[in-house]
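[1] Just a sequence and a predicted model for now, questions to come.
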Amino acid sequence: MLNKTHSVFTHYTTVLALLALLLCQISTAHADTNVRASVDRNQVSSEETFSLSLTADSILFSGEPDVTALEKDFHIINRQQSSRTNIVNGKVNSSRQWDYTLVAKREGTLTIPALPMGKYTTRPITITVSEATDTRQAGNESIYLESDITPRDAYVQQELQYTVKIFTSVNILDASLEAPEVGNAVIEARGEERYQTLINGRYFQVIERRYAIYPQTSGTLTIPALTLQARVEGYRPSMLDPGRLVVKRSGSHRVKVSPPPAEFNGSVFLPAREVVLEETWSKNPDTLKVGDSITRTINIKADGLLGSQLPALPIIDLKNAKLYPDQAKIEKSEDKSRWTGIRSESLAVIPTRAGEFVLPEVRIAWWNTYFNRTEFAVLAERKFIVAPAIASFDNSQVSAMDSRPENGTANSNNNTPSDIEPPASKPFIWLVIAILSLSNIGFAFVWWRGRQRAPSATVPSEDTYNSEDKAFKLLVKSVKAEVDHRQLRHALTHWGGCHFKRAMTLNALGKAIPKISDFCQQLDAHLFSGQDINIDANAILVILKEEREAAKAKRGPHSALAPLYQD
């Protein structure tokens, strides 16, 4: 029994000694940690991959490499991590390793910079990258890239058309093609097309991507090569075959960008293939009367410029009219449309006096990039006549009454019997006048009673006070649906009650928003007296949008609740 106990004690002592020795070795290894970087080769072509290995000589190394600096000159297309431990003659060798598959972004002598690994840093490595051999003409390439840009000599802000094509005769399992990045330029994607083509007796699938590039400064503009990373089917495809990795690069391009020519005398330099001006009206301006509203929309369309590059229209000063401009709309046309960019500006016009109105000519200078000369987009001067709001009475028939002598006798030499009004007709005239007066008094009484009853129909409920946005959406929907004037009045006063947090009539709403006072008076008169009106409700919406924006700005971002005390 004693011998057995001694044997067990000796066994555990040996194990503890070995563990202590192992811990000492590991601590020593951790204390003497070294980090290093290595590559499998230092000379590669622009379409070849190579491996970078970062190693820490300790399995207890807890840091992680920071490889952000690699992305300046290299694409990282794969990452792996491993660790190993060996014990030889009681000596422990352990390490952690990170492997990266890289491909260069450009040709030349590139440097893998010193990379941080925890509190340690690797040494830099130099890589020589040569231009890839072009074997496409020989028919040996199953996948390759082509790129082109036009024109090669352009002006600042002029559109450059950049095209990248992927040619492949094998199935692509997975692929990624980076988008172009160009300094001092605006880049817009213009779509993608796929088709087939026959090259040297072989059919290739073509994936074509188009971009528009707008240089912002003069000088030499460099469009760098793009890199395609793809996995294609192997020579013996199978379900377990992940495919072979292929890296291809397009060519780089240089474009000479010139400043605006000295002979251009416009306020904003607009290099384009064509620029036109078009106008539309919400209704015929020749049918306007005082107080009517009408909206004029002018579109600037450019072939070769973005809508954001197009200038604002000159400000118009029109006497005897109220003008309400709307916010400009910037549009980008579809890929197959002729127009690249469109800028739309709308102006609501409400004449306040009758007479002739003249909208001045609109003229915008632009540079024709095809003929290299200044041209003008012109919208001709527009004239229209505004009629009075209410037609004046014809006084020609009354002149006969003023031509009679005071004594009531008639001169037989100057007046025929037909010119002399019979005495019996005078009571009839006074009867007509009395009837007309009574009818006017009746209309006025009905109108007054309607104004007294109107507030009770539009008193907003407690829930309505918190639904101003819904009320405005309902008003917009009513205008677009072209509802009758009574429904329009209801939608308008309903919104007014929600907006001002009190019961509103058309008269009160006109006083609260002076810009729509004329409109409210016309609508009120039409509903209670049948007076004909011709209004542009869309122009009223423009004014109400401004009122809402002004109210939001006045309330500020933190005034979601209604005021405690109202005026």
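    Cool, the structure landed.

[2] Return the residues in contact with S38.
    By CB atoms under 8 Å, 6 or more residues apart in numbering, the contact list for S38 reads L52, S53, T55, I125. Any C-beta I mention is one placed from the backbone N, CA and C, and that applies to glycine too.

[3] Tell me the first helix or strand C-terminal of the helix or strand the third one falls within.
    T55 belongs to strand 49-56 when assigned by DSSP states H and E. Tracing the chain past strand 49-56, the next element assigned as helix or strand by DSSP H and E is strand 74-88.

[4] who does that following strand pair up with?
    Strand 74-88 pairs in its sheet with strand 91-104 (antiparallel), by DSSP bridges.

[5] roughly how far out does the strand it pairs with sit from the chain middle?
    Taking CA atoms, centre = their mean, to the nearest Å, the mean C-alpha location of strand 91-104 is offset from the chain mean by 47 Å.

[6] tell me which residues in that strand are buried?
    V92, S94, S95, R96, W98, Y100, T101, L102, V103, A104 (16 or more other CB atoms under 10 Å).

[7] swap in stretch 286-294?
    Along stretch 286-294, the positions that meet the burial threshold by neighbour count (16+ other CB under 10 Å) are L288, K289, V290, G291, D292, S293, I294.

[8] for the contacts of S38, which one is nearest L506?
    Distances from L506 to the contacts of S38, taken as CB to CB, are shortest for L52 (77.0 Å).

[9] Identify the residues contacting that closest one.
    Shown here is L52, whose contacts under the criterion CB under 8 Å, 6+ apart are A37, S38, V39, L70, D99, Y100, L102, I112, I125.

[10] V129 versus that one, what's the distance?
    For L52, the distance to V129 under the criterion CB to CB, to the nearest Å works out to 14 Å.

[11] Likewise for P514?
    Distance, P514 to V129, using CB to CB: 72 Å.

[12] So between the two, which is more surrounded?
    Neighbours per residue (other CB atoms under 10 Å) separate P514 from V129, with V129 holding more: 22 against 9.

[13] what's the helix or strand for the more buried one?
    According to DSSP H and E, V129 maps onto strand 125-130.

[14] Which helix or strand lies directly C-terminal to that strand?
    As the chain continues past strand 125-130, the following element, by DSSP H and E, is strand 143-150.

[15] Over to F357. Which of the three states is it?
    Assigned state for F357: strand (three-state reduction, DSSP: H, G, I helix; E, B strand; the rest coil).

[16] returning to that earlier point: for the buried residues of strand 91-104, which one is nearest V542?
    Distance to V542 across the buried residues of strand 91-104 (CB to CB) is lowest for V103, with 55.8 Å.

[17] so that closest one sits right up against E71, yeah?
    No - with contact taken as CB atoms under 8 Å, V103 and E71 are classed as non-touching, separated by 11.9 Å.

[18] so can I have TSV of the contacts of L52 showing pLDDT and distance to E331?
    Formatted as TSV, the entries for these read as follows, by pLDDT from 0 to 100; distance: CB to CB, whole Å:
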residue	pLDDT	distance to E331
A37	91	52
S38	90	55
V39	89	51
L70	90	41
D99	91	50
Y100	91	45
L102	87	43
I112	92	47
I125	92	51
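
[19] and which of those residues is nearest P314?
    The closest of these to P314 turns out to be L70 (CB to CB; 53.1 Å).

[20] which residues touch that closest one?
    With contact taken as CB under 8 Å, 6+ apart, L70 is in contact with L52, I76, Y100, L102, I112, P113, L115.

[21] if you set the cut-off to 7 Å instead, what comes out?
    With contact set as CB atoms under 7 Å, 6 or more residues apart in numbering, L70 has these partners: I76, I112.

[22] how about the strand holding V129: buried residues?
    So for strand 125-130, counting by 16+ other CB under 10 Å, buried means I125, I127, V129.

[23] and the second one, what does it touch?
    If I follow you right, that is I127. By CB under 7 Å, 6+ apart, the contact set of I127 is V39, N42, V44, A104, L110, I112.

[24] so how far is A302 from the residue nearest to the third one when sequence neighbours are not counted?
    In space, and not counting its chain neighbours, V44 is closest to F50: 5.1 Å by CB to CB, 6 or more residues apart in numbering. Computed with CB to CB, the distance linking F50 and A302 is 47 Å.

[25] what about I187, helix or strand, and which?
    When elements are assigned from DSSP H and E, I187 belongs to strand 185-199.

[26] Just the pLDDT for A225.
    Residue-level confidence at A225 comes out at 90, pLDDT.

[27] Neighbours of it, how many?
    Summarising burial for A225: neighbours were counted as other CB under 10 Å, giving 20.

[28] likewise L277?
    For L277, the neighbour count with other CB under 10 Å is 17.

[29] got it, and T197?
    11.

[30] On the strand side of things, show who it bridges to.
    F204.

[31] do you know how far it is from L226?
    T197 sits 20 Å away from L226, taking CB to CB as the criterion.

[32] ok, for D153, nearest residue in space, not its chain neighbours?
    The shortest distance from D153 to any residue that is not its chain neighbour, by CB to CB, 6+ apart, is 4.9 Å, and that residue is K256.

[33] who's in contact with A69?
    P113, L115.

[34] What count of nearby residues applies to the residue nearest to V44?
    Neighbouring residues of F50 were enumerated by other CB under 10 Å; the total is 18.

[35] V39 is in contact with that one, correct?
    Yes - the pair F50 / V39 is scored as a contact, 5.8 Å apart, by CB atoms under 7 Å.

[36] Take the contacts of I127 and, keeping just the buried ones, write it as a PyMOL select command.
    Below is the selection syntax for PyMOL that covers the buried ones among those, with 16+ other CB under 10 Å defining burial:
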select buried, resi 39+44+104+110+112
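
[37] Which of the contacts of I127 sits closest to I435?
    Among these, A104 lies closest to I435 (CB to CB), at 99.9 Å.

[38] what's the spacing between V476 and V483?
    With distances taken as CB to CB, V476 is found 12 Å from V483.

[39] Kindly apply the preceding question to R231 instead.
    Here R231 is placed at a distance of 61 Å from V483 (CB to CB).

[40] what packs against the strand or helix carrying H499?
    Secondary structure from DSSP H and E places H499 in helix 485-500. In terms of contacts (3 or more CB pairs under 7 Å, 6 or more residues apart in numbering; DSSP states H and E), helix 485-500 is packed against helix 468-480, helix 506-512, helix 517-529.

[41] Report the inter-axis angle for whatever helix or strand comes next after the last one versus helix 485-500.
    What that stands for is helix 517-529. Helices and strands here follow DSSP H and E; after helix 517-529, the next one along the chain is helix 537-555. Between helix 537-555 and helix 485-500, the angle formed by their directions is 10 degrees, by axes from the mean of the first three to the mean of the last three CA atoms, to 10 degrees.

[42] List the residues that contact P180.
    Counting by CB under 7 Å, 6+ apart, P180 touches Y162, I187, Y211, I223, L226.
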